[in-house]
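>>> need coordinates for the following:
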Amino acid sequence: MRAHCWRRLPEALAPAAALAGALTACTVGPDYVRPDIRSPERWRIDYRQAADIANTRWWEQFGDPVLNQLIETALRENRDLLIAAARVDQFVGQLSVVRSRFYPQISYSLDASRNRATQVGQPPLAPGVDPYYSLYQGALGADWQIDLFGRVRRQSESAQAQVYASEQGRRGVVLTLVTSVAASYIGLRALDRQLEISRATAQNYAGTARIFELRFKGGVVSELELNQVESQYQQALAAIPALEQQIAAQENLIAVLLGRNPGPIHRGKAMSALVPPGIPADLPSTLLERRPDILQAEQILVSANANIGADKALYFPSLSLTGVLGSVSTTFSNFLSGSAATASAAAGLGGPIFTGGRISGQVQGAEAFQREALANYQQVILNAFRETNDALVGTLKKREETEAQTRRVAALREYARLSRLRFDNGYAGYLEVLYAENELFGAELSAVRSQAEAYTQLVGVFRAVGGGWVDEAGKLAPRPAAYADPGR
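Numbers count the residues shown, from 1 in each chain. Presented below is the predicted three-dimensional model:
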């Protein structure tokens with residue numbers, strides 16, 4: 001194919017291309033404007049000791065290296081994070097497909113064939129002419145649909161927002177994963193402590209039961225008192241297998257979060273040795289800028305808004321430019337010669353006249369989806385404010401509850417000691433001791449649960465407020481493949 005054939009097509013398309021460039025300044029549909037959101041000026045509870053730790057790895061402040069390692073493992077191996085990273089790449093791929101429509105689509109074709117012509121066609125072949133012949137064809141084609149009214153630009157805007165939304169979805173998985181591992185580990189250590197209390201209590205009751213059995217045989221205590229002690233002992237024993245079952249289930253939950261098969265989980269510090277991090281200081285308005293679910297909902301709204309313009313552009317005409325440069329010859333020897341060259345250029349303009357409501361239906365659907373996305377965005381923000389207020393109030397009230405439970409345990413421990421002393425000196429029956437020790441056993445278990453719930457509420461604060469810590473954690477997580485190419 002000779003060089004002069006390449007020059008003809010751009011010259012032929014130059015007027016149409018200039019016209020297209022002038023027309024592409026028009027973009028149909030509404031431009032996105034962030035909705036006005038009324039955010040509360042303050043949270044329902046103010047924390048005097050709030051700290052600016054929303055952008056740090058707050059879980060490390062618990063002071064348990066095992067917890068840190070579990071979270072790091074989960075961020076590397078969790079399957080939900082791998083799924084979220086792959087989903088980002090899917091939307092990046094879709095964005096590349098949409099953006100490709102901005103450019104001419106260039107293709108090539110090569111064909112060689114052996115053919116036989118009919119001898120009785122119109123006109124018929126002359127006598128003696130060989131009906132068999134070879135045909136060699138090669139072509140380089142270009143097809144460009146000009147974005148006259150911004151349909152492709154709106155589609156690109158929508159696809160870009162979907163990429164951003166999927167990335168915020170991935171950050172949301174990071175947020176949920178870190179807080180879930182932390183809360184699950186706290187729950188596991190609480191169950192471990194409850195199991196220790198139950199076993200120690202059962203062992204203590206077992207010693208009392210042996211003493212009462214000897215006293216019963218000696219006629220010192222009645223069968224009623226013996227049965228009371230035995231009932232107390234069996235009650236403590238019954239708590240052990242239930243806690244062991246809960247511990248196994250909690251270990252299996254954490255193992256799955258780590259991307260492993262269900263199995264045992266390594267322990268670090270006891271729950272009583274954990275140091276809770278401080279409350280992150282912040283204002284409600286900044287919540288809009290850092291919670292992944294809010295940012296994701298807004299990008300879905302941006303995408304829905306852009307789709308309205310993409311559908312409205314269907315009402316308007318479209319301009320397409322096509323061109324072909326090629327060579328056709330029945331002999332290979334002159335296939336690339338100038339005499340075998342062929343070229344064509346065309347410009348076409350087309351648009352709808354009657355569609356039976358198809359386009360209006362698409363526009364109506366896009367506008368309805370935009371309203372849905374707007375309402376969802378507003379609802380996500382309301383839920384974010386609610387969750388944050390709930391977590392802050394819960395942290396404070398659970399702390400007060402834990403302090404009260406601790407005082408109750410201390411009082412019941414003294415009550416149980418005095419009751420047994422009265423019984424040993426013959427001033428009270430064993431029923432008083434039984435009641436005191438049962439109350440102490442239940443209070444000790446409740447105190448552990450209350451402390452674990454207070455820590456879990458604190459983790460919930462970091463889940464609710466989000467922050468830069470999500471990006472810090474995300475550095476340890478699988479990154480979408482698209483991140484390796486900054487140009488994408």
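
>>> which secondary element of the protein has the worst mean pLDDT?
helix 3-23 (a mean of 42; mean pLDDT, DSSP states H and E).

>>> next, the buried residues of the next helix-or-strand element following that one.
Proceeding N to C from helix 3-23, the next assigned helix or strand is helix 65-77, under DSSP states H and E. Burial within helix 65-77, assessed by neighbour count using 16 or more other CB atoms under 10 Å, is assigned to 67-68, 70-75. The way it works is simple: take the backbone N, C-alpha and C, and place the C-beta from them, glycine included.

>>> who touches helix 65-77?
59-60, 81, 174, 177-178, 181-182, 185, 254, 257-260, 265-269, 473-474, 476-478 (CB atoms under 8 Å, 6 or more residues apart in numbering).

>>> packing partners for the longest strand seen in the chain?
Looking across the chain with DSSP state E, the single longest strand is strand 132-146. Packing partners of strand 132-146 (3 or more CB pairs under 8 Å, 6 or more residues apart in numbering; DSSP states H and E): helix 3-23, strand 105-116, strand 318-329.

>>> that one versus strand 105-116: what angle between them?
160 degrees (axes from the mean of the first three to the mean of the last three CA atoms, to 10 degrees).

>>> where does pLDDT dip in this structure?
By pLDDT under 70, the weakly predicted segments of the chain are 1-25, 41-53, 281-285, 483-488.

>>> all helices for it, in order.
3-23, 65-77, 79-99, 151-217, 223-257, 287-290, 292-312, 358-424, 430-465, 469-474 (DSSP state H).

>>> what's the closest residue to Q168 other than its chain neighbours in contact with, if anything?
If the residues on either side of it in the chain are set aside, Q168 comes closest to Q296, at 3.7 Å by CB to CB, 6 or more residues apart in numbering. By CB under 8 Å, 6+ apart, Q296 lies in contact with 165, 168-169, 172.

>>> residues in contact with L458?
If you count contacts by CB under 8 Å, 6+ apart, L458 has them with 276-277, 279, 395.

>>> nearest to Q90 among the residues you listed?
P277 (35.9 Å; CB to CB).

>>> residues contacting the closest residue to that closest one other than its chain neighbours?
Leaving aside its sequence neighbours, P277 sits nearest to Q61 (CB to CB, 6+ apart; 3.7 Å). Taking CB under 8 Å, 6+ apart, we find Q61 in contact with 53, 275-278.

>>> could those residues go into CSV alongside neighbour count and distance to N389?
Shown next, in CSV, are the contacts of Q61 (neighbours: other CB atoms under 10 Å; distance: CB to CB, whole Å):
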residue, neighbour count, distance to N389
I53, 18, 19
V275, 9, 25
P276, 18, 19
P277, 21, 19
G278, 15, 18
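
>>> for these, which one is nearest L325?
I53 (64.5 Å).

>>> what does L258 show for phi and psi?
Dihedral angles phi and psi of L258 (degrees, to the nearest 10) take the values phi -80, psi 0.

>>> how far away is the residue located most distally from the centre of the chain from Q119?
Distance from the centre of the chain peaks at P127, with 77.0 Å (CA atoms, centre = their mean). Distance, P127 to Q119, using CB to CB, to the nearest Å: 9 Å.

>>> for T208, same thing?
Taking CB to CB, one finds T208 at 117 Å from Q119.

>>> these two: who's more crowded?
T208 (18 against 11; other CB atoms under 10 Å).

>>> can you verify my assumption that R171 contacts P292?
Yes. Using CB atoms under 8 Å, R171 is in contact with P292, at 4.1 Å.

>>> sorry, back to before: got TSV for the buried residues of helix 65-77, with distance to E401 too?
Below are these laid out as TSV (distance: CB to CB, whole Å):
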residue	distance to E401
L67	23
N68	28
L70	27
I71	27
E72	32
T73	33
A74	29
L75	32
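
>>> which one of those sits closest to L319?
Of all those, L75 has the smallest distance to L319: 49.8 Å, by CB to CB.

>>> and that closest one, how far from W58?
Applying CB to CB to L75 and W58 gives a distance of 14 Å.

>>> check N334 too.
As judged by CB to CB, N334 and W58 stand 77 Å apart.

>>> more neighbours, the two?
W58 (25 against 13).

>>> now do the contacts for the closest residue to that one other than its chain neighbours.
In this structure, W58 finds its nearest non-sequential neighbour in P277, 4.5 Å apart by CB to CB, 6+ apart. If you count contacts by CB under 8 Å, 6+ apart, P277 has them with 53, 58-59, 61-62, 458, 462.

>>> can you name the two of the residues you listed that are farthest apart?
Farthest pair in these, by CB to CB: I53 and F62, 12.5 Å.

>>> just to revisit the earlier point, just the buried residues of helix 65-77 now: which is nearest L418?
Comparing these against L418 with CB to CB places L67 closest, at 39.8 Å.
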